[in-house]
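# Whatever this is, show me its structure:
(chains A and B)
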Amino acid sequence: MKNPEKAESAENEGLLVRRIRNGTVIDHIDSGEALNVVKILGITGTTQEALSIATNVQSREMGRKDIVKLANRELSKEEVDRIALISPSATINIVRDFKVCEKKGVETPSLIVGIVKCPNPGCISNTNEPIASKFRVTGKGLRCIYCDWVISRDITSHII
Amino acid sequence: MATQHIISIGDFDRNEIDRVLDHARQIDENKYDRNALHGRILAVLFFEPSTRTRMSFESAIARLGGTSLSVGSVEACSMAKGETLADTIRVVSGYADAIVIRHPKEGAARLAAEFATVPVINAGDGAGQHPSQTLLDLYTIRQSMPIDGIDVALVGDLRYGRTAHSLAFALSLYNVRLHTVSPKGLELPAPMLAELREKGMEIVEHDDINDVVHSVDVLYVTRIQRERFPDSASYFNVASSYRITPELLLGARKHLIVLHPLPRVDEIDPRVDDSPHARYFEQSRNGVPVRMAMLMKVLQ
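Residues are numbered from 1 along each chain as shown, chains lettered A, B, ... in the order given. From the prediction side, this is the model:
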């Protein structure tokens, strides 16, 4: 006889991981970081694409993980590498016609442009100048190329 | 060849610093071409008050046969009308062969370098960098002693003082033992201390100037600003305990030199001015040959 609990769980999992025809699946996101991943990708509530977010999904390797699926949009390498800032273990699957065509990890970029706001109120990047914020990624965190301020923790709270 | 800018002392390695200082010494010995920059125009964009830095850059270009242009006061320039610094820099690039900039915002010179089509020299950006000051500080030390193997004490407000930060960084490229002497709350920022130590610099922290005055070769004194304290009484109390007096210097090493980026207020007793240890006015004068060497570096 079918175990009802298991069936419910499978059904939920089915809903959570339902396949998309075309687009990008970001898997193995550190648990609890999915909303930040969406934020760092610059995807807002006004997006026209179907966006699915699953948090605290059971994972054999990670215990718990988050998943983000974005239909009809293939994220570029530059876009996905930003994710490494908050979830270096994330993997990216590019899906075309229900098939995973590309699978890759994320690499920490050396320069972050326009994603993180410099916390230094005296920094020129926090004025009306026509520039995007720029941070060099170092072993100690993100260093503002303008004022040398270093963000060493809680990077997500500085995401624009 | 890419346009050469001078934005931060952190962009220099030791060899580059030594080359600028060697060149400044040649200039100081009158071994230079007085028309080396003939016909070249230096734009002097100062968005903050300055006496020494501005005048010494103007003197430096004039001594090399060039001329300088300036906007006068900030109120008189188009920034006051709301123009961005980026636009100002693009425009001024068309009028001059190099730009010297001082600005209240940190990173302003780095931004200027992004938009300029001519070399940019940072003459101080807020609490950030001031590389020409650091180079002339090093030059003044080197006039008296080799920089390697010495003990240098940084005294005063080491938390906010940009000249102390830049100098500490530059000294980490040499074999120098650094002593910091500052009131509570105005110590060198912890991340900076950690970074300097990672570079292999030996740093000894003190809060009493009497602990170091007899065992160092250089006393680099910076201003303790009144606005950092809740009231005048606590300011005077702290400031007086860091004041350099002839009595304090009794028993100091014979070759000890006292430096100060100026302007000084109460940090150095005027009676010290006549002492053989006092080098701060010479340090200020050294701004000219060092800035001449910097101008030639970016314009030749």
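
# What sits closest to residue 135 if chain neighbours are left out?
The chain I'm using is chain A. With sequence-adjacent residues excluded and distances taken as CB to CB, 6 or more residues apart in numbering or on different chains, residue A:135 is closest to residue A:142, at 3.9 Å. (Glycine included, C-beta is placed from N, CA and C.)

# my bad, the chain I had in mind was chain B
By the measure of CB to CB, 6+ apart, the closest residue to residue B:135 outside its immediate chain neighbours is residue B:290, 5.0 Å from it.

# swap in residue A:123?
The shortest distance from residue A:123 to any non-neighbouring residue, by CB to CB, 6+ apart, is to residue A:147 (4.1 Å).

# what about the helices in chain B?
Read by DSSP state H, chain B holds these helices, from start to end of the chain: B:14-28, B:52-63, B:85-93, B:108-115, B:131-144, B:162-171, B:190-198, B:232-241, B:280-285, B:287-299.

# Deepest-packed of those helices, please.
Compared across these, helix B:108-115 shows the largest average neighbour count, a mean of 26 (mean count of other CB atoms under 10 Å in any protein chain shown).

# and it, what does it pack onto?
If you count contacts as 3 or more CB pairs under 8 Å, 6 or more residues apart in numbering or on different chains; DSSP states H and E, helix B:108-115 packs onto helix B:85-93, strand B:98-103, strand B:120-125.

# right, and these - which one's nearest chain A?
Across these, the minimum distance to chain A, taken as CB to the nearest CB, is reached by helix B:85-93, at 5.3 Å.

# So is the closest one next to chain A?
Yes - looking at helix B:85-93 against chain A by CB under 8 Å from any CB of the partner chain, the contacts come from B:85, B:86.

# domains for the chain, by residue range?
I went with chain A, as the question did not name one. A:15-105, A:111-158 (automatic domain parsing).

# if you could check chain B rather than the one you did, that'd help
Taking automatic domain parsing as the reference, chain B has its domains at B:9-129+B:287-299, B:132-284.

# Any chance of TSV for these, columns mean pLDDT?
Rendered in TSV, the data for the domains of chain B read as follows (pLDDT from 0 to 100):
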stretch	mean pLDDT
domain B:9-129+B:287-299	94
domain B:132-284	93
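
# Chain neighbours aside, what residue packs nearest to residue 36?
Went with chain A since none was named. Taking CB to CB, 6+ apart as the measure, residue A:36 lies nearest to residue A:156, with 4.5 Å between them; neighbours along the chain are not counted.

# wrong one, chain B
Taking CB to CB, 6+ apart as the measure, residue B:36 lies nearest to residue B:64, with 4.9 Å between them; neighbours along the chain are not counted.

# List the contacts of that neighbour.
By CB atoms under 8 Å, 6 or more residues apart in numbering or on different chains, the residues touching residue B:64 are B:32, B:33, B:34, B:35, B:36, B:37, B:38, B:40, B:292, B:295, B:296.

# how about the residues of chain B that lie near chain A?
Proximity of chain B to chain A is assessed by CB under 8 Å from any CB, with B:8, B:10, B:84-86, B:103-108, B:110-111, B:114, B:125-128, B:191 identified as the residues in range.

# Apply 7 Å and report the result again.
B:84-86, B:105-108, B:110-111, B:126-128, B:191 (CB under 7 Å from any CB of the partner chain).

# ranges for the strands of chain A?
Taking DSSP state E as the criterion, chain A carries its strands at A:23-30, A:51-59, A:63-71, A:91-96, A:99-105, A:111-113, A:134-138, A:141-144, A:150-151.

# Residue B:236: which of these is closest?
Ranking the strands of chain A by their distance to residue B:236 (criterion: CB to CB) puts strand A:150-151 first, at 34.9 Å.

# Direction included, what does the closest one pair up with?
strand A:141-144 (antiparallel) (DSSP bridges).

# Do you have the strands of the stretch 201-300 of chain B handy? List them.
For the stretch 201-300 of chain B, the strands identified by DSSP state E, counting those that start in this stretch occupy B:202-206, B:218-221, B:257-259, in order along the chain.

# Can you lay out those strands as JSON lines showing mean neighbour count?
Formatted as JSON lines, the strands of the stretch 201-300 of chain B follow (neighbours: other CB atoms under 10 Å in any protein chain shown):
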{"stretch": "strand B:202-206", "mean neighbour count": "14"}
{"stretch": "strand B:218-221", "mean neighbour count": "27"}
{"stretch": "strand B:257-259", "mean neighbour count": "25"}
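
# coming back round to it: let's have the strands of chain A in CSV, adding mean neighbour count and mean pLDDT.
Rendered in CSV, the data for the strands of chain A read as follows (neighbours: other CB atoms under 10 Å in any protein chain shown; pLDDT from 0 to 100):
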stretch, mean neighbour count, mean pLDDT
strand A:23-30, 21, 93
strand A:51-59, 16, 90
strand A:63-71, 20, 92
strand A:91-96, 18, 94
strand A:99-105, 12, 90
strand A:111-113, 16, 91
strand A:134-138, 18, 94
strand A:141-144, 21, 93
strand A:150-151, 19, 92
